[in-house]
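Engineer: Structural data only, the sequence is not supplied:
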């Protein structure tokens with residue numbers, strides 16, 4: 001039976017979410033139509049919005065459904081940037097190194113196409129964002145950052161960062177895709193302006209996410225049309241996906257505290273086991289505890305290529321990743337580890353193990369059984385590759 005330890009990329013849909021999706025797909029009616037069938041669809045959609053909002057500490061009107069986390073991040077970052085530059089020129093975007101590529105590529109596109117200027121905030125050696133003492137706000141459009149680093153699992157100081165930005169009148173967008181379902185998220189208490197989440201990371205369907213946008217915030221939309229969802233995101237809304245998302249969100253939130261305890265035990269077993277099986281392995285990010293999400297264990301394996309280890313483990317029936325699935329198949333060093341001050345060779349030797357609702361002790365043990373042989377083979381391949389490169 002294959003072992004799946006890549007839950008940060010996507011996690012299996014919950015049976016309850018599949019059932020809700022299937023049932024809702026049988027309902028006909030555009031939720032913008034005024035006839036009875038349209039209004040039935042509307043009720044289902046708005047009840048789903050209320051449920052998702054409740055899991056995020058937000059008002060339902062603040063939840064804007066999107067096609068997923070990437071669109072939500074693009075809408076939050078681009079939309080806020082454009083809105084802030086509608087009057088006074090504010091080209092600068094504050095963004096930490098090591099962000100998800102949905103943010104990095106969006107910011108770099110704004111630099112190329114819209115004249116934006118990225119100001120990259122530093123990470124410490126554990127991947128924690130270094131909180132600036134103040135922000136020179138005259139030319140700053142926004143601050144955007146991860147709540148939890150999706151690659152190394154570091155929990156970021158959200159409230160501290162937001163407080164510094166808001167003291168200077170700078171709006172804040174938070175990418176909470178990797179935090180949702182693992183940490184408590186209270187949009188109101190966090191005092192941020194926008195927050196992005198995705199359904200398929202918590203057992204919902206692929207193809208739906210949300211941007212939580214405060215009532216006081218203004219964004220320029222990416223998509224124009226019928227003006228659905230506060231004129232922020234036009235288009236006929238996917239009722240079935242929203243209903244399924246809501247079911248997954250409700251269950252994930254109700255189980256979150258107990259699941260965090262269970263996953264912390266598995267995480268400890270995995271980290272201790274990797275260190276015993278491969279003493280050369282180096283844990284990236286903070287030690288397990290409050291500053292690391294319980295689902296993540298990220299290691300570098302000196303002398304081995306991460307992609308080689310991934311394929312060898314896959315041949316042994318264990319699915320892991322070298323980092324974000326959005327960059328899978330691209331043989332480049334981890335930009336997260338580079339931002340943390342690690343060298344390029346080190347950054348090419350990374351593997352990310354991520355746990356989820358279906359993970360068991362047997363899954364961890366299967367990884368630990370397969371890892372030593374895979375590392376030995378990948379190390380030999382690494383030596384041969386380096387010898388070829390040096391012309392020996």
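Structural biologist: Happy to help now that I have it. Note that the coordinates shown come from a computational prediction; the quantities given were computed from them, not determined experimentally.

Engineer: CA only for contacts and neighbour counts going forward, please
Structural biologist: Noted.

Engineer: Residue ranges in the chain under the pLDDT threshold?
Structural biologist: Counting by pLDDT under 70, the chain contains low-confidence residues at 324-331, 382-392.

Engineer: Give me the longest strand you can find in this structure.
Structural biologist: The residue-count maximum for a strand in the chain (DSSP state E) belongs to strand 140-146.

Engineer: So which elements touch the helix or strand just after it?
Structural biologist: Scanning forward in sequence from strand 140-146, with DSSP states H and E defining helices and strands, the next element found is helix 158-167. Helix 158-167 makes packing contacts with strand 172-175, helix 187-190 when contacts are defined by 3 or more C-alpha pairs under 8 Å, 6 or more residues apart in numbering; DSSP states H and E.

Engineer: relative orientation of helix 158-167 and strand 140-146 in degrees?
Structural biologist: Angle of helix 158-167 versus strand 140-146, following axes from the mean of the first three to the mean of the last three C-alpha atoms, to 10 degrees, is 180 degrees.

Engineer: who's in contact with residue 201?
Structural biologist: Under the criterion of C-alpha atoms under 8 Å, 6 or more residues apart in numbering, the contact list for residue 201 reads 7-11, 177-178, 180.

Engineer: As JSON lines, these with secondary structure, distance to residue 25 and neighbour count would be great.
Structural biologist: Compiled in JSON lines, the contacts of residue 201 are given as follows (DSSP: H, G, I helix; E, B strand; the rest coil; distance: C-alpha to C-alpha, whole Å; neighbours: other C-alpha atoms under 10 Å):
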{"residue": "7", "secondary structure": "coil", "distance to residue 25": "26", "neighbour count": "24"}
{"residue": "8", "secondary structure": "coil", "distance to residue 25": "27", "neighbour count": "26"}
{"residue": "9", "secondary structure": "coil", "distance to residue 25": "26", "neighbour count": "18"}
{"residue": "10", "secondary structure": "coil", "distance to residue 25": "22", "neighbour count": "19"}
{"residue": "11", "secondary structure": "coil", "distance to residue 25": "22", "neighbour count": "23"}
{"residue": "177", "secondary structure": "coil", "distance to residue 25": "26", "neighbour count": "30"}
{"residue": "178", "secondary structure": "coil", "distance to residue 25": "28", "neighbour count": "27"}
{"residue": "180", "secondary structure": "coil", "distance to residue 25": "25", "neighbour count": "24"}
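
Engineer: Between these, which sits nearest residue 381?
Structural biologist: Ranking these by separation from residue 381, with C-alpha to C-alpha as the measure, puts residue 9 on top at 27.0 Å.

Engineer: Next one: that closest one relative to residue 160, how far apart?
Structural biologist: Per C-alpha to C-alpha, to the nearest Å, residue 9 is found 28 Å from residue 160.

Engineer: got it, and residue 68?
Structural biologist: The span separating residue 68 from residue 160 equals 27 Å under the rule C-alpha to C-alpha.

Engineer: now residue 193
Structural biologist: Separation of residue 193 from residue 160 (C-alpha to C-alpha) stands at 14 Å.

Engineer: Neighbour count for the two, which is higher?
Structural biologist: Counted by other C-alpha atoms under 10 Å, residue 193 and residue 160 do not tie: residue 193 has more neighbours, with 24 against 13.

Engineer: Quick check: phi and psi on the more buried one?
Structural biologist: phi -100, psi -30 (degrees, to the nearest 10).

Engineer: for it, what are its contacts?
Structural biologist: Going by C-alpha under 8 Å, 6+ apart, the list of residues near residue 193 reads 171-173, 213-214, 216-217.

Engineer: can you name the two of these that are farthest apart?
Structural biologist: Taking C-alpha to C-alpha, the two most distant members of the contacts of residue 193 are 173 and 216; they sit 13.4 Å apart.

Engineer: Between the two, point out the one with more neighbours.
Structural biologist: A count of neighbours by other C-alpha under 10 Å puts residue 173 above the other of residue 173 and residue 216, at 24 against 7.

Engineer: residues contacting the more buried one?
Structural biologist: Under the criterion of C-alpha under 8 Å, 6+ apart, the neighbours of residue 173 are 76-77, 142-145, 192-196.

Engineer: can you list the residues that contact stretch 310-326?
Structural biologist: Defining contact as C-alpha under 8 Å, 6+ apart, one finds that stretch 310-326 is touched by 1-6, 8-9, 100-101, 150-151, 306-307, 328, 334, 350-354, 366-367, 370-371, 374, 378.

Engineer: Filter those down to the ones in strands?
Structural biologist: For the contacts of stretch 310-326, membership in strands holds for 3-4, 350-354, with DSSP E as the criterion.

Engineer: And the furthest pair within the residues you listed?
Structural biologist: Between any two of those, the greatest separation by C-alpha to C-alpha is 19.0 Å, found for 3 and 350.

Engineer: Between the two, tell me which one has more neighbours.
Structural biologist: Of the pair residue 3 and residue 350, residue 350 is the one with more neighbours under other C-alpha under 10 Å, namely 30 against 20.
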